[in-house]
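A.B. asks: coordinates only, sequence not included:
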């Protein structure tokens with residue numbers, strides 16, 4: 001298998017793997033993701049709905065503050081071009 005160590009979040013897959021090896025890679029990374037998700041969910045199990053609502057409100061505030069910056073406004077055309085380019089399938 002060509003998987004990276006456990007501390008890495010991005011897999012490296014060789015283009016010459018067989019179908020079976022690719023399936024093994026998918027299973028490995030899906031399991032790793034689900035395991036991390038389950039661990040995180042159990043760690044945060046004590047959070048209340050109000051805590052989560054407050055966090056969402058805070059994150060929305062941060063996002064709005066970011067979008068209000070001059071750099072966000074200046075780079076808007078670049079993001080639009082990149083978004084259109086990715087939608088068209090050209091990478």
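C.D. replies: Looks like it arrived, so ask away. This is a predicted model, so every value here is computed, not measured. Numbering: from 1, shown residues only.

A.B. asks: From now on I want contacts and neighbour counts done on CA atoms only, so please keep to that.
C.D. replies: OK.

A.B. asks: Tell me how far the residue lying farthest from the centre of the chain lies from residue 53.
C.D. replies: The C-alpha centroid of the chain is most remote from residue 18, which lies 26.8 Å away (CA atoms, centre = their mean). Relative to residue 53, residue 18 is positioned 46 Å away (CA to CA, to the nearest Å).

A.B. asks: cool, and residue 82?
C.D. replies: For residue 82, the distance to residue 53 - CA to CA - is 32 Å.

A.B. asks: And residue 17, by the same measure?
C.D. replies: Residue 17 sits at a distance of 45 Å from residue 53 (criterion: CA to CA).

A.B. asks: do residue 80 as well
C.D. replies: From residue 80 over to residue 53 the distance is 31 Å, taken as CA to CA.

A.B. asks: any weak-confidence spans in the protein?
C.D. replies: 1-14, 90-91 (pLDDT under 70).

A.B. asks: Which stretches in it count as helices?
C.D. replies: In the chain, the helices defined using DSSP state H lie at 19-43, 49-67, 70-74, 76-87.

A.B. asks: for the last one, packing partners?
C.D. replies: Think helix 76-87. Using 3 or more CA pairs under 8 Å, 6 or more residues apart in numbering; DSSP states H and E as the contact test, no helix or strand touches helix 76-87.

A.B. asks: Domains in the protein, by residue range?
C.D. replies: Domain ranges of the chain: 1-46, 49-87, per automatic domain parsing.

A.B. asks: Okay, residue 82 and residue 69: tell me how far apart.
C.D. replies: 20 Å.

A.B. asks: For these two, indicate the residue with more neighbours.
C.D. replies: Using other CA atoms under 10 Å as the criterion, residue 82 and residue 69 rank with residue 82 on top: 14 against 10.

A.B. asks: How much space separates that one from residue 63?
C.D. replies: According to CA to CA, residue 82 and residue 63 sit 20 Å apart.

A.B. asks: same question, residue 57
C.D. replies: From residue 57 across to residue 63, the span is 10 Å (CA to CA).
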